[in-house]
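Asker: here's a sequence, model it:
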Amino acid sequence: MNASPAYVCCQVLSSTHLEQIRSWWGQLAIQVTGPRISLSERDIPPQTGEIYQLLLSTDLQALLLASPQAHNFEYEVRISFEANTIKNFLQGLAVKSLHHPKIEQGYQILNLPLSTNVSSFQNKILVKILSIISSPSAEGGCPRIFSVCQPVEAALSQQIEEERLLNQVITQMRQSLELPVILETVVREAREFLQVDRLLIYQFFPGTGEGKGKITSESRISDQINSVLNLTPEDDCFSYIPQYKEKYRQGLILAVDDVDVNYSSSFCLSEFLRQHQVRSKLIAPIVVQEELWGLLIAHQCGEKRRWLPQEKKFLGQIGEHLAIAIYQAQLYSQVQEQKDIFERRVIERTQELQDTLMAAEAANLCKSEFLNNMSHELLTPLTCIIGLSSTLQKCSAASNFLPPDKQKHYLQVIQDNGNKLLELINDLLNFSQVSAGKAVLDIKQFSLKYLCNHVLEIIKFEAEIKEINLILEIKIAEKDYYFYADYDRVQQILLYLLKNALKFTPEQGAVTLRLWKEGSQVIFQVEDTGIGIPAQKIPLLFEKFTQLDGSRKRRYGGMGLGLALTKQLVELHRGTIEVESCLDKGSIFTVRLPQQKPPKSQPQPSDHNPHFNHHHPTIVLIESDEEIANLICELLMVARYQVIWLIDSVSAIKKIEIVQPSIIIVDRKMPDIYHLCHLLKKSSQTQASKVLILNDTPEISVNFLGRHGIDDYLLKPIQPSLLLEKIRYLTAL
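Answerer: Numbers count the residues shown, from 1 in each chain. Alright, predicted model coming up:
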């Protein structure tokens, strides 16, 4: 008896074999997932009196019918997976049990979409039946086979072979995460199974929505088939196919049995396929994460080919599994890339830590050298001061007076070493202030000519001792003498450079100070005929705490701050400093300073020196420290100023209004100093008086002074020459 189209198999079996199948059928019902029902004649007897097993779920829809044969214990067994057949059978059961709950549930499950496991479960049933009917019967004989559906066996064999190859391809894909290896494996194995002339992968270029791409993998049956590897087809050939990329993205599998017939309306595409020997083709999409990654294309080149449904299904499944493998390879590539980035960052971070450690060690070495230098630079003048002052005290106590010239010499040495100490301490304070970003420029207009003459006058005595010739070259017109900058800072820059030049220039040498302008910039240049600087040590010149000769027996003193501070002061003016040097011939330092923006209120410069005035006005000093007051009073009286010393700032206002001094000097530590300054500027008798405050630290801004009615400030410890310069400057305003 042949099976009808509704049944995949029709077989006469013994009762023993039938019971084996029914027992296994019950086990199968446990394996399916999702909503399911299992029915037999024990639940609802059929009208025909047949034995049946019905299993409905989203994984499998199967019906087994067994009709008893006359005069023996054999049954004709039929199996169906067809939905309409199963539905008709349910309707027959409903005649006897219309409201049975499993009938209604069965209808509901039939309307649900099937899962991807359907083929697998159907194959299990067919394979199990074949294995049972091939075994001896319980009675010891062989089963009597009246008819077996031969097309089913052939289809089953074909399906098993497809699954075997598919599993083989999947296994090989999983053995590698390298995308080129995966693609090569797929095209080779799939071409051999489909027995096509050429199988290729067309990959779309990422980031382009125009469908551009190229053939990245290829497998050919022989070299007689032309290679199309790396070929990029013209876009115009596909333009007549509307939304072809979107159709492929949605899962379209395209089978073309005859390209000449299908593409007769497109000369471009038909000519393209003819050139590459294509007679038939089969295309399956490769969709990775809902994006069309590429196409899997099979070509039949020798003759036309009618593509079978199972071939289309197979190529589609290969495309699906290939998409998963590509996504995994992309993830692996991203992980590897992140790993490489992480390793590079670890290496970079390790190098940074090593560099930081080396820098810290170098800084620690510089600090140690600096402390050694500083202890030497401070101890040497201190030893002279303490030793000579002790000698003077002993001689005075023993009534054994030294000759006047000897006393004068000792006092001069004490003063010189005291000044040296003061200079070193001021260098440290200035460097600390500038490094901390707390330095503020006090912009004023001054004479460049006077500045140059003044700094040379300061170092003149030291130059005469070493018999060094000082040369001044001014190359600017008289109308360009006046310049806006911080006078004190610029003077400090020039003094550092000039003293540095004197220190490293031997006797009978020369030090030249040049001045010229380029546009709004002023250029100062200090040239010496000294020992010069080795080329490899020039980059270290402006490093803080650095001495080019770091030995303890070095010939030249200093703490290594001068040039570092000079560079910072130049940069504070937004200027630049450059150095040229030739060993044993000398060095040239060039400083470029831009014109600074004038302050809102600036006194007009006089034709005379702004730091000199022939008048000696009255000065009021408000200071509670007797030692400081005595020092200031002595200095000012020697300079022929009239000085009035007041101790109490509270009662000072009335006395000052009576005296009406030109300058009022106030210690910042005095109580209510800002209130006092406010009252002085408010009073009509004293509002013209200039106020100079004594301050311990340089952390004070010009804006702060202006808000409180203060005209200028002087840092402690007091330098006599600087005090007199401040007084002269204020009297000139």
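
Asker: for Leu424, which non-adjacent residue is closest in space?
Answerer: The shortest distance from Leu424 to any non-neighbouring residue, by Cβ to Cβ, 6 or more residues apart in numbering, is to Glu377 (5.8 Å). For the C-beta atoms, the positions are set from N, CA and C on the backbone; glycine is no exception.

Asker: just the element for Thr383, please.
Answerer: According to DSSP states H and E, Thr383 maps onto helix 309-397.

Asker: for the stretch 201-350 of the chain, which segments count as helices?
Answerer: Ranges of helices in the stretch 201-350 of the chain, per DSSP state H, counting those that start in this stretch, are 244-249, 259-262, 267-275, 309-397.

Asker: picking that back up, beyond the helix holding Thr383, next helix or strand please.
Answerer: Note on helix 309-397: by DSSP H and E, the next helix or strand toward the C-terminus is helix 404-435.

Asker: starting at the chain centroid, how far to that next one?
Answerer: 51 Å (Cα atoms, centre = their mean, to the nearest Å).

Asker: and the angle from that helix to helix 309-397?
Answerer: Here helix 404-435 runs at 160 degrees with respect to helix 309-397, directions being taken by axes from the mean of the first three to the mean of the last three Cα atoms, to 10 degrees.

Asker: just the buried positions in helix 404-435, please.
Answerer: Using 16 or more other Cβ atoms under 10 Å as the burial criterion, the residues of helix 404-435 that qualify are 407, 410, 413-414, 417, 420-421, 424, 426-427, 430-434.

Asker: so which of those comes closest to Leu540?
Answerer: For the buried residues of helix 404-435, the minimum distance to Leu540 (Cβ to Cβ) is 16.8 Å, reached by Phe431.

Asker: residues contacting that closest one?
Answerer: With contact taken as Cβ atoms under 8 Å, 6 or more residues apart in numbering, Phe431 is in contact with Lys544, Leu561, Ala564, Leu565, Gln568.

Asker: and the two most separated of those?
Answerer: For those, the maximum inter-member distance is 9.9 Å, found between Leu561 and Gln568 (Cβ to Cβ).

Asker: so where do the strands sit in the stretch 451-600 of the chain?
Answerer: Assigned by DSSP state E, counting those that start in this stretch, the stretch 451-600 of the chain shows strands spanning 469-474, 482-486, 510-518, 521-528, 576-582, 586-594.

Asker: quick one: the fifth one to chain centroid distance?
Answerer: Averaged C-alpha coordinates place strand 576-582 at 36 Å from its chain's average position (Cα atoms, centre = their mean).

Asker: and the angle from it to strand 586-594?
Answerer: Counting by the same axes, to 10 degrees, strand 576-582 lies at 170 degrees to strand 586-594.

Asker: domains in the protein, as residue ranges please.
Answerer: 9-148, 162-333, 402-433, 440-594, 618-732 (automatic domain parsing).

Asker: would you list the ones you listed in JSON lines and tack on mean pLDDT?
Answerer: Listed next are the domains of the chain as JSON lines, based on pLDDT from 0 to 100:
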{"stretch": "domain 9-148", "mean pLDDT": "80"}
{"stretch": "domain 162-333", "mean pLDDT": "85"}
{"stretch": "domain 402-433", "mean pLDDT": "79"}
{"stretch": "domain 440-594", "mean pLDDT": "86"}
{"stretch": "domain 618-732", "mean pLDDT": "84"}
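
Asker: now Gln525: how far from Leu515?
Answerer: 8 Å (Cβ to Cβ, to the nearest Å).

Asker: got it, and Leu572?
Answerer: In this view, Leu572 and Leu515 are 20 Å apart by Cβ to Cβ.

Asker: higher neighbour count, the two?
Answerer: More crowded of Leu572 and Leu515, by other Cβ atoms under 10 Å: Leu515, with 19 against 16.

Asker: doesn't Ile523 make contact with that one?
Answerer: Yes. Contact criterion Cβ atoms under 8 Å: Leu515 and Ile523 qualify, at 7.3 Å.

Asker: before we move on, back to that, mind checking which of the strands of the stretch 451-600 of the chain is nearest Gln289?
Answerer: For the strands of the stretch 451-600 of the chain, proximity to Gln289 was assessed by Cβ to Cβ; strand 576-582 is nearest, at 57.1 Å.

Asker: which strands and helices sit next to the helix holding Thr383?
Answerer: helix 150-174, helix 179-194, strand 280-288, strand 291-300, helix 404-435 (3 or more Cβ pairs under 8 Å, 6 or more residues apart in numbering; DSSP states H and E).

Asker: between that helix and strand 291-300, how many degrees?
Answerer: Between helix 309-397 and strand 291-300, the angle comes out at 140 degrees (the same axes, to 10 degrees).

Asker: report the angle between helix 309-397 and strand 280-288.
Answerer: Using the same axes, to 10 degrees, the direction of helix 309-397 lies 30 degrees away from that of strand 280-288.

Asker: and helix 309-397, how far out from the chain's middle?
Answerer: Offset of helix 309-397 from its chain centre (Cα atoms, centre = their mean): 15 Å.

Asker: how far off helix 179-194 does it point, in degrees?
Answerer: Using the same axes, to 10 degrees, helix 309-397 lies at 170 degrees relative to helix 179-194.

Asker: now Phe204: closest residue in space, sequence neighbours ignored.
Answerer: Closest residue in space to Phe204, ignoring its immediate chain neighbours: Gly213 at 3.9 Å, by Cβ to Cβ, 6+ apart.

Asker: circling back to that earlier point, out of the domains of the chain, nearest to Glu352?
Answerer: domain 440-594 (20.8 Å).

Asker: and the pLDDT at the residue nearest the centre of the chain?
Answerer: Note on the chain: the residue nearest the mean C-alpha position is Arg345, at 10.7 Å, using Cα atoms, centre = their mean. At Arg345, the model reports a pLDDT of 92.

Asker: residue contacts, Lys475?
Answerer: Neighbouring residues of Lys475 by Cβ under 8 Å, 6+ apart: Arg514, Leu515, Trp516.

Asker: Glu627: which of those is nearest?
Answerer: Using Cβ to Cβ, those come closest to Glu627 at Leu515, 40.9 Å.

Asker: gap between that closest one and Ile471?
Answerer: Applying Cβ to Cβ to Leu515 and Ile471 gives a distance of 12 Å.

Asker: now do Asp197
Answerer: Here the distance between Asp197 and Ile471 works out to 96 Å (Cβ to Cβ).

Asker: between the two, who's got more neighbours?
Answerer: Under the criterion of other Cβ under 10 Å, the comparison of Asp197 against Ile471 puts Asp197 first, with 23 against 11.

Asker: which non-adjacent residue is nearest that one?
Answerer: Residue nearest to Asp197 in three dimensions, not counting chain neighbours: Cys301, with 4.0 Å by Cβ to Cβ, 6+ apart.

Asker: quick one: neighbours of the one you found, just the number.
Answerer: 20.

Asker: thinking it is in contact with Gln277, fair?
Answerer: Yes. Using Cβ under 8 Å, Cys301 makes contact with Gln277 at a distance of 4.0 Å.

Asker: now do the shared contacts for these two.
Answerer: Contacts common to Cys301 and Gln277, judged by Cβ under 8 Å, 6+ apart, are Asp197, Ile225.

Asker: show me which residues of stretch 619-637 are buried.
Answerer: Across stretch 619-637, burial judged by 16+ other Cβ under 10 Å covers Ile619, Val620, Leu621, Ile622, Glu623, Ile628, Ala629, Leu631, Ile632, Cys633, Leu635, Leu636.

Asker: isn't there a strand covering the first one?
Answerer: Yes. Ile619: assigned to a strand according to DSSP: H, G, I helix; E, B strand; the rest coil.

Asker: contacting residues around it?
Answerer: Leu636, Tyr641, Gln642, Val643, Ile644, Pro661, Ser662, Ile663, Ile664, Ile665, Ile727.

Asker: how near is it to Met670?
Answerer: Counting by Cβ to Cβ, the gap from Ile619 to Met670 is 16 Å.

Asker: can you report how many residues lie near Leu130?
Answerer: Around Leu130 there are 17 other residues, counting by other Cβ under 10 Å.

Asker: that one should be in a strand, yeah?
Answerer: No. Under three-state DSSP, Leu130 falls outside any strand and is assigned helix.
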